[in-house]
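Q: Here you go, sequence then predicted model.
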Amino acid sequence: MSKVRVILPDGSVWEAEKNVTPLQILERWKPTEVERFLLAEVNGQPWDLFRPVADEEIHIRFLTFDDPPARDAYRHTTAHVLAQAVKELFPNAKLAIGPPIENGFYYDFDIGRPFTEEDLQKIEQRMKEIVAADYRLKRLELPKKEAEALLRQAGETYKLEILAELDEETVSFYQQDGFIDLCRGPHIPSTGRIGALKLLNSAGAYWRGDERNPMLQRIYGTCFPTAEALQEHLTKLEEAQRRDHRRLGRELGLFIIEETIGSGLVLWLPKGGFIRNLLEEMWRAEHLKRGYQIVYTPHIARTELWDRSGHTQLYSDFMFPMMELESQKYLLKPMNCPLHITIFKTETRSYRDLPIRLCELGTVYRYERSGALHGLTRVRGMTCDDAHIFCRMDQAEEEFAAVVQLALRWLRLFGFDEFTVKIATRPTDKFAGTLEIWDQAESIIRSVVDNLNLDYELDVGGGAFYGPKLDIFLSDCLGRKWQCSTIQLDPNLPLRLEVNYVGQDNRDHPVVMIHRALFGTMERFMAILTEHYAGAFPTWMAPVQAIILPIADRHLSYAQSLQNGLKELGARVEINSKREPLSGRIFDAEAAKIPIILVVGDREVRDGGASVRLRGKKDLGYMPLTVLQQWIQEQIKTPKLDP
RNA sequence: GCCGCCGUAGCUCAGCGGAAGAGCGGGGGAUUUGUAAUCCCCAGGUCGUGGGUUCAAGUCCCACCGGCGGCUCCA
């Protein structure tokens, strides 16, 4: 019998029998803590606690729910419990896939009809029984042939399809109780280790996400080690709902999407319009300071322009249909670049003129499928905070890096400080230009990211049709990620559209373009801000910064003079002199999320100043006028980028 | 687009075969009010649109329009 050398996390080295399981090691090493651990990591590989190890020397670690691989295994096992329950209740159901996902898991089934609310309840009930029964999980490995026979006999056609795509000679199955499933694993040792679970909803989902495939029924669920942790997660989901920008947008008078206008088309109400204008003014000032030039372009342009740019061939799926008048054909613009290019080409540009940076808050229209629309985050008419930088190839890296840095600093101004960077590379089918040019562009982006020491993820094939890009996602206060800034390096449109400069050699050379947006679109950014702040915008951004509540009519003229004084300091101040009790008007002001409430009555009229209350907080007490003025100025100060 | 659910007053929703309701908001009146909702009265709806079933349709059926959730985070 050969031996295994086991190296534990604390550095101690043991000898064990061959085919020892991590669980056996754990029972010897930490007999009192066995229950805490869900999964092992053997020589860097996630490994079932119950799976014998074959190597002669192993470095082993034990993982708990707090380690992502173990959490995934935990939820993956729960997905198997879901599948077992469904198979028992609906023997004709065919299994598709059931992976763990960010906050839970799902499993796709083909049962020929949608699940009902009652189905879900029954399934969840059955799942809890399976958990209570505490079935052990087993891993078995079968040669592909035998696996195929097994799945064929079970009528699991989707699993057969998956199997056919696997290269391995032998494949693994996991089994608990009478349920067996083709699965890569890993899993937790037994169903009894699952603490609290809940099925959330079911919905149609195409097999492999492709609408040409049959529609399956997906059940989403989540699970946590304890009922408290599950409840915490459910509360968070409710909190997200409470912050839904579509709801807050209406309640706070920010924006609305109205049937009579059309799906995906936004009406900005005065308060939302105020915030947007504020952001846009900051944006313009910042861009002028940084050598950008502001341009304006029309919403429609002749089809020939879009033919030349390649949009009608490569982007037509997202474009509104053509309109024709006086035998001229026009298209609504889905992007601003061809128009900015046209502006660039109005003059012959010397190498000394570059870079030229044209920017515009340009409204574009894109056809999004009705089912994809969502509030302000997925719309059909949107304003991009767009810019196109025309530069030489030797300037591209520096310009690109400057934009990345600007974008990160810009987003921090609005209260975000956690970002994810994703590099999206050449699409597999619809792309313009040659592979060499794409490779060069992609390597420039990588070099920028490396020099700035940014961690990034790779989105293979996610680039625009004309070039690779770097997308910046921000995380809001609930940890949700949103795509905002996008910076695209485009060596292809300039070639196609002959966007050239005259070099030192007196010859034409193609420019390189950088397409970029910082906010992304004004619509989406407004949605993100609204949800991040739950409608309680920072004072500098709030459409109404302070509201004065005179206690009785006799205090109104004092309230007005106070209002005028504060307005002179630049504050946005209103008065609510409705003849309602103070508490009622405070309630209204809090509901409107006005940051500062100023109460004035006999005392304040006599002494000057006001009683101050901050949004969400109790009475801060009386402030004399001079103190109040200074304090207000501090409160309303707009954040600025350093030069 | 596809699957499921949902469309009743400006907003949020109850009513689900037998005379259209509530709260908020709006209008009017009373109250002159001290830190998260003062009281009373009133107006407001071809119950998303169009067809059908029925003695009778917000209510059941069909189509369309619109909204919501989901449609690879791959064994």
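A: Good, I have the coordinates.
Q: According to the record, where do the domains of chain A fall?
A: Domain segmentation of chain A under automatic domain parsing yields A:3-63, A:70-240, A:297-532, A:546-635.
Q: So which residues of the stretch 251-400 of chain A form helices?
A: For the stretch 251-400 of chain A, the helices defined by DSSP state H, counting those that start in this stretch cover A:270-289, A:303-309, A:311-314, A:337-344, A:393-413.
Q: average pLDDT across the shortest one?
A: It refers to helix A:311-314. In this model, helix A:311-314 has a mean pLDDT of 88.
Q: roughly how far is it from the heart of the chain?
A: 28 Å (Cα atoms, centre = their mean, to the nearest Å).
Q: Can you list the buried residues in that helix?
A: A:His311, A:Thr312, A:Leu314 (16 or more other Cβ atoms under 10 Å). Placement of C-beta: from N, CA and C, glycine included.
Q: ok, the second one - contacts?
A: Pointing back at A:Thr312 there. A:Thr312 is in contact with A:Thr303, A:Trp306, A:Met319, A:Leu331, counting by Cβ atoms under 8 Å, 6 or more residues apart in numbering.
Q: Switch those residues over to JSON lines; also include pLDDT and neighbour count.
A: Shown next, in JSON lines, are those (pLDDT from 0 to 100; neighbours: other Cβ atoms under 10 Å):
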{"residue": "A:Thr303", "pLDDT": "95", "neighbour count": "18"}
{"residue": "A:Trp306", "pLDDT": "93", "neighbour count": "24"}
{"residue": "A:Met319", "pLDDT": "91", "neighbour count": "20"}
{"residue": "A:Leu331", "pLDDT": "94", "neighbour count": "22"}
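Q: I'd like to know which of those residues is nearest to A:Leu8.
A: Set against A:Leu8, the nearest of the contacts of A:Thr312 by Cβ to Cβ is A:Met319 (61.2 Å).
Q: Kindly compare burial across the helices of the stretch 251-400 of chain A and name the winner.
A: helix A:337-344 (a mean of 21; mean count of other Cβ atoms under 10 Å).
Q: Just the C-alphas of that one, formatted as PDB.
A: Written as PDB, here are the backbone C-alpha positions of helix A:337-344 (Å, rounded to 0.1, in the frame of the first residue of the first chain):
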ATOM      1  CA  CYS A 337     -18.800  59.100 -34.700                       C
ATOM      2  CA  PRO A 338     -19.500  59.400 -38.400                       C
ATOM      3  CA  LEU A 339     -20.700  62.900 -37.800                       C
ATOM      4  CA  HIS A 340     -17.600  63.900 -35.800                       C
ATOM      5  CA  ILE A 341     -15.500  62.300 -38.500                       C
ATOM      6  CA  THR A 342     -17.200  64.600 -41.000                       C
ATOM      7  CA  ILE A 343     -16.400  67.600 -38.900                       C
ATOM      8  CA  PHE A 344     -12.700  66.400 -38.600                       C
END
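Q: Let me know which of the domains of chain A is the nearest to A:Met282.
A: Using Cβ to Cβ and comparing these, the one that lies nearest A:Met282 is domain A:297-532, at 7.9 Å.
Q: Any residue of stretch A:593-605 touching RNA strand B?
A: Yes. Using Cβ under 7 Å from any atom of the strand, stretch A:593-605 reaches RNA strand B at A:Ile597, A:Val599, A:Val600, A:Gly601, A:Asp602, A:Arg603, A:Glu604.
Q: burial count for the fifth one?
A: Read that as A:Asp602. 12 (other Cβ atoms under 10 Å).
Q: now swap in the first one and tell me
A: Residues near A:Ile597, counting by other Cβ under 10 Å, number 24.
Q: Would you verify that it is located in a strand?
A: Yes. The assignment for A:Ile597, made by DSSP: H, G, I helix; E, B strand; the rest coil, places it in a strand.
Q: Pull the contacting residues for it.
A: Contacts of A:Ile597 (Cβ under 8 Å, 6+ apart): A:Ala546, A:Ile547, A:Leu549, A:Ile586, A:Ala589, A:Glu590, A:Val612, A:Arg613, A:Leu614, A:Arg615.
Q: Check the last one too.
A: Taking Cβ under 8 Å, 6+ apart, we find A:Glu604 in contact with A:His555, A:Tyr558, A:Ala610, A:Ser611, A:Tyr622.
Q: Quick check on these: which are buried?
A: A:His555, A:Tyr558, A:Ala610, A:Ser611.
Q: Among the residues you listed, pick out the one closest to RNA strand B, please.
A: Nearest to RNA strand B among the buried ones among the contacts of A:Glu604: A:Ser611, at 2.6 Å, using Cβ to the nearest atom of the strand.
Q: Report whether stretch A:221-241 contacts RNA strand B.
A: No. Using Cβ under 7 Å from any atom of the strand, stretch A:221-241 stays clear of RNA strand B, coming no nearer than 8.8 Å.
Q: Kindly export that stretch (C-alpha atoms) in CSV.
A: Provided in CSV are the C-alpha atoms of stretch A:221-241 (Å, rounded to 0.1, in the frame of the first residue of the first chain):
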residue,chain,number,x,y,z
GLY,A,221,-33.1,30.0,-6.0
THR,A,222,-30.7,30.9,-3.3
CYS,A,223,-29.3,29.3,-0.2
PHE,A,224,-27.2,30.3,2.8
PRO,A,225,-25.7,28.5,5.8
THR,A,226,-28.2,30.1,8.2
ALA,A,227,-31.7,31.4,8.1
GLU,A,228,-30.4,34.8,9.3
ALA,A,229,-28.0,35.0,6.3
LEU,A,230,-30.8,34.0,3.9
GLN,A,231,-33.0,36.7,5.5
GLU,A,232,-30.3,39.2,5.2
HIS,A,233,-30.0,38.5,1.5
LEU,A,234,-33.8,38.7,1.0
THR,A,235,-33.8,42.0,2.8
LYS,A,236,-31.1,43.3,0.5
LEU,A,237,-33.2,42.3,-2.5
GLU,A,238,-36.1,44.3,-1.0
GLU,A,239,-33.8,47.2,-0.4
ALA,A,240,-32.8,47.1,-4.1
GLN,A,241,-36.5,47.2,-5.0
